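Student: Output the structure for:
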Amino acid sequence: KAWFKSVAESSCLSVLVIFVILLNMVAMAVDHDCNFEESEYCLEFKSVLELCNIVFTSFFALEMMIKVIGLGTVNYLKEVANCFDVVIVVTSLVELSSGIDSYLCFTGSDPQRPNPKVDCLVEGGAGMSVLRSFRLVRVLRIGKLVRAFPQIQRQLKVITRTIGAVSS
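Tutor: Sure, this is the predicted structure:
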């Protein structure tokens with residue numbers, strides 16, 4: 001437990017989490033619809049994005065487990081940002097099976113769907129679509145980045161004041 005506590009409180013973990021949040025934001029930013037039937041890169045592109053989502057979800061779940069073990073559940077949940085992280089991680093874990101299923105479909109590894117260009121077009125339904133859109137909430141974890149760098153906090157305050165002055 002002492003090891004988990006030292007890792008949970010370390011600046012190395014904080015920096016790594018911020019880096020992974022930024023990578024996650026890049027992965028979400030490059031995502032777009034593409035035509036599976038007309039574009040060869042589409043299946044590979046979508047499979048890489050699904051794999052990234054699986055890795056990000058796994059990383060954030062591992063981060064949460066390290067902090068819960070190291071800090072204890074009560075201390076971990078005292079911080080509002082950690083409560084927010086729990087909601088994001090649990091929702092991402094619920095959606096993870098769909099992501100794995102999509103990854104297997106896009107890579108052609110699913111024997112029940114031998115033709116990815118056709119079989120991967122219909123995914124999960126409305127329920128999974130809502131969970132998938134919840135991935136965007138991960139971007140709000142950027143608050144950790146803002147807290148970690150006071151210079152960014154100052155810049156955001158200046159931007160906020162400027163927008164307020166311009167809109168008046």
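
Student: For the rest of this, base every contact and every neighbour count on C-alpha atoms.
Tutor: Noted.

Student: And the single longest helix found in the chain, how far out from the chain middle?
Tutor: Assignment by DSSP state H gives helix 41-71 as the longest helix of the chain. Here the centre of helix 41-71 is set off from its chain's centre by 7 Å, with CA atoms, centre = their mean, to the nearest Å.

Student: So which elements touch it?
Tutor: Helix 41-71 makes packing contacts with helix 2-8, helix 11-30, helix 80-107 when contacts are defined by 3 or more CA pairs under 8 Å, 6 or more residues apart in numbering; DSSP states H and E.

Student: And for the shortest one, what's in contact with it?
Tutor: Defining contact as CA atoms under 8 Å, 6 or more residues apart in numbering, one finds that helix 2-8 is touched by 13, 63, 66, 67, 69, 70, 71.

Student: Of those residues, keep whichever come out buried.
Tutor: Buried subset of these (neighbour count, 16 or more other CA atoms under 10 Å): 63, 66, 67, 69, 70, 71.

Student: Report the two of the residues you listed separated the most.
Tutor: 63 and 71 (11.8 Å; CA to CA).
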